[in-house]
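K.L.:
Below is the sequence, then the predicted model.
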Amino acid sequence: MADALTLALDAAALRRAFEVAEQWLSRNRDGINAINVYPVPDGDTGTNMLLTWRAALKGGVEGDGAEAGVYLGHVARGALMGARGNSGVILSQILRGLAESSAGVAALDTAGLARGLEGASATAYAAVTKPVEGTILTVIREASAAGMAAATESPEAFLYITLTEAFASVKRTPELLPRLREAGVVDSGGMGVAVLLQGIVCGILDHPLPAEPLVTGTAEVKADAVEHEGHGFCTEFVISGAGLDRHTIEDELTAAGGSSILVVGDPSMLRIHVHVAAPEHAFAVGERYGTLAARKAEDMQAQHEAWLDDRDDEKPDTASLPAIGLIAVAEGRGIAAAFRDLGAGRVLMGEAGGKVSAGAILEAARRAGRDHAIVLPNDKDVLMAAQQAAGASEGFLTVVPSRSPASGLSAALEYRTEGDVAEVAAAMAGVMAGVRAVEVSRSIRTATVDGVAVREGDAIALVDGRLVAACETLEGALLAGLDVAAEGGAEIATIYLGQDAPPDAAERLPGLIGERHPAIEVQIVAGGQPYYPYVAGVE
């Protein structure tokens, strides 16, 4: 594709290079996911960037024309609506800048590709209200600057200089961002960009990809992540017996290929929820320990395909929609149900282990409200995708920037289906400002973050996204988090129980919290959220 003298990347050549980059990012996704400032098991930067890149490739395939500029335009449009998570949104802006700088160009030479990367960096910076150095932005800027300086070199030299600087920039990110340095990690989004550039370079030069992933990590990877083609079966049943051991059954369900496992009850009766490729595998585990009842297996693949068909074919009856619709992003059945009870017409959950895309949010908006829609992202890593969707909605969609389900649910209490959308959104945001969010999880590594020393396996508490305590027990971490959240006074604490909450948590927590904070009214809700056994809203 490239020789010592020329570089000419038309649509076909770019497509091949981008496909190689997708393969390389896919192999490194799990390692990138494991690069997480906070030692919690919800790192998904690699997954979000991979899903965004795949949406970009799909946009390119659906386009037409052999010119580089035309192809990149389709790629950028695909990424715009397929962007997931903050890293995916910034990646979509990088592709947008590359496309805009290449408009009208039939084939990119070395100088054209250098200008494209420079435009990619500028557009990405412009898309972020308060750019932070030591992130994905720094990596694309420094790589593009090196490329511009090497634009008169041979194609091979230009590509390798650009790529080398990208990885050097990744290594420098902890020097620029104290939080990375304290946690002992580099920036995951920056690493994702460097991996993509490496894949593109291999694709352009027709070099084989390395045999082993470049990025490794220790974070646990879910068995049903991106490469899994089917969605499997959501399987539920009850085991009756004697001496039932929850942990033993959980281990056997995991060995049977299960995921999203929830086992609750006592030694005489356990209720099981598990996602598994074939329900009989899960039932066989249960039958080894007792008598099964209330068997239920739902084909999630069929449900997913039906949802896709409905999405394509359904024509919403706008007359039946509220003037102002509400969309919420949620993880966990209980939390999703709570948002529906408060009027959310659409509740979105991430797919394939990643965040909800900008396109999914925009599509839900059109099906939620007749005149306007409000979205509650409920996750700091969904906020930029929601804002990108709002920017593409021509004023139809308004974002109330909730960063946790706890604050989002409080905001939803002020949702109204009629009136001035700006006033409704302002009222929702005003209530949300008085809520503090506590999240409790288990540390997946030893680290020091926000001045708190954490050992692998510790129970940890975050308040409004900041690590505040590490304890031996989940309950200890919850109480420590509530101590911080209730500083200055609080009246209500709503505790959302996650998939990994102890089975007796609903009975024990009110008393534990009441001893420490007797003036706080405690409400317990079965949230069902992953990764965080306890999430609390304190107001």
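P.N.:
The structure has been received and is ready for your questions.
K.L.:
what about the residue nearest the centre of the chain, distance to residue 150?
P.N.:
Note on the chain: the residue nearest the mean C-alpha position is residue 355, at 3.3 Å, using CA atoms, centre = their mean. Taking CB to CB, to the nearest Å as the measure, residue 355 and residue 150 are separated by 35 Å. Where you see a C-beta, it was placed from the backbone N, CA and C, and this is true even at glycine.
K.L.:
and if you look at residue 76?
P.N.:
In terms of CB to CB, residue 76 sits 25 Å off from residue 150.
K.L.:
Who has more neighbours out of the two?
P.N.:
In this view residue 76 and residue 150 are compared by other CB atoms under 10 Å, and residue 76 has more residues nearby, 24 against 19.
K.L.:
Are we agreed that that one is in a helix?
P.N.:
Yes. Looking at residue 76 with DSSP: H, G, I helix; E, B strand; the rest coil, it is inside a helix.
K.L.:
start the count at 317, not 1, going forward
P.N.:
Shifting the count to begin at 317 puts that one at residue 392.
K.L.:
what's the neighbour count on residue 556?
P.N.:
15.
K.L.:
In contact with it, which residues are there?
P.N.:
584-585, 606-609 (CB atoms under 8 Å, 6 or more residues apart in numbering).
K.L.:
Those residues: which two are farthest apart?
P.N.:
584 and 608 (14.1 Å; CB to CB).
K.L.:
Would you mind telling me which of these two has the busier surroundings?
P.N.:
Regarding residue 584 and residue 608, a neighbour count based on other CB under 10 Å identifies residue 608 as having more, with 18 against 12.
K.L.:
Return the residues in contact with the more buried one.
P.N.:
Here residue 608 is in contact with 553-556, 599, 602 (CB under 8 Å, 6+ apart).
K.L.:
how does it look with 7 Å?
P.N.:
Taking CB atoms under 7 Å, 6 or more residues apart in numbering, we find residue 608 in contact with 553-555, 599, 602.
K.L.:
Also residue 436?
P.N.:
410, 413-414, 456, 460.
K.L.:
right, and out of these, which lies closest to residue 568?
P.N.:
residue 410 (44.9 Å).
K.L.:
pretty sure that closest one contacts residue 456?
P.N.:
Yes. Applying CB atoms under 7 Å, one finds residue 410 in contact with residue 456, separated by 5.8 Å.
K.L.:
pull the helix or strand with minimum mean pLDDT from this structure.
P.N.:
In the chain, no helix or strand scores lower on mean pLDDT, DSSP states H and E than helix 616-629, which sits at a mean of 44.
K.L.:
after that helix comes which helix or strand?
P.N.:
strand 640-645 (DSSP states H and E).
K.L.:
Which of the contacts of residue 436 ranks first by neighbour count?
P.N.:
Most neighbours among the contacts of residue 436, by other CB under 10 Å: residue 456, with 32 neighbours.
K.L.:
helix or strand for residue 590, which one?
P.N.:
Assigned by DSSP H and E, residue 590 falls within strand 585-592.
K.L.:
tell me which residues of that strand are tucked away?
P.N.:
Buried residues in strand 585-592, counting neighbours by 16 or more other CB atoms under 10 Å, are found at 586, 588-592.
K.L.:
Next, report how far it is displaced from the centre of its chain.
P.N.:
How far strand 585-592 lies from its chain's middle: 25 Å, per CA atoms, centre = their mean, to the nearest Å.
K.L.:
Show me which residues of the helix or strand following that strand are buried.
P.N.:
Per DSSP H and E, the first helix or strand lying C-terminal to strand 585-592 is helix 595-603. For helix 595-603, the neighbour count (16+ other CB under 10 Å) marks 595, 597-599, 601-602 as buried.
K.L.:
just stretch 411-428 next, same as before
P.N.:
For stretch 411-428, using 16+ other CB under 10 Å, the buried residues are 411-418, 421-426, 428.
K.L.:
So which residues make contact with it?
P.N.:
323-326, 372, 383-385, 388-389, 391-392, 395-396, 431-433, 435-440, 467, 471, 474.
K.L.:
Out of those, which sit inside helices?
P.N.:
Under the assignment DSSP state H, the contacts of stretch 411-428 contribute 372, 384-385, 388-389, 391-392, 395-396, 431-433, 435-440, 471, 474 to helices.
K.L.:
Next, count neighbours for residue 374.
P.N.:
When neighbours are defined as other CB under 10 Å, residue 374 has 15 of them.
K.L.:
for it, helix, strand, or coil?
P.N.:
Classified using three-state DSSP, residue 374 is helix.
K.L.:
How about residue 511?
P.N.:
Assignment for residue 511 (three-state DSSP): helix.
K.L.:
How much space separates it from residue 802?
P.N.:
Relative to residue 802, and taking CB to CB, residue 511 is found at 43 Å.
K.L.:
Neighbour count: those two, which is higher?
P.N.:
residue 511 (28 against 21).
K.L.:
circling back: could I get the buried residues of helix 595-603 as TSV with pLDDT and distance to residue 523?
P.N.:
TSV is the format used below for the buried residues of helix 595-603 (pLDDT from 0 to 100; distance: CB to CB, whole Å):
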residue	pLDDT	distance to residue 523
595	81	45
597	84	42
598	87	45
599	89	49
601	90	46
602	90	51
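K.L.:
Which single one of the residues you listed is nearest to residue 705?
P.N.:
Distance to residue 705 across these (CB to CB) is lowest for residue 595, with 36.1 Å.
K.L.:
Give the buried residues for the host helix or strand of residue 564.
P.N.:
Using DSSP H and E, residue 564 maps to helix 562-571. Under the neighbour-count criterion of 16+ other CB under 10 Å, helix 562-571 has 562, 565-566, 568-569 buried.
K.L.:
Against which helices or strands is it packed?
P.N.:
strand 575-582, strand 585-592, helix 595-603 (3 or more CB pairs under 7 Å, 6 or more residues apart in numbering; DSSP states H and E).
K.L.:
ok, the second one: who's next to it in the sheet?
P.N.:
It stands for strand 585-592. strand 549-556 (antiparallel), strand 575-582 (antiparallel) (DSSP bridges).
K.L.:
which one of these has the lowest average pLDDT?
P.N.:
Here the strands paired with strand 585-592 differ in mean pLDDT, and the lowest is strand 575-582 at a mean of 64.
K.L.:
Report the residue spans of this structure with pLDDT below the cut-off.
P.N.:
317-321, 533-548, 550, 575-581, 589, 614-634, 667-669 (pLDDT under 70).
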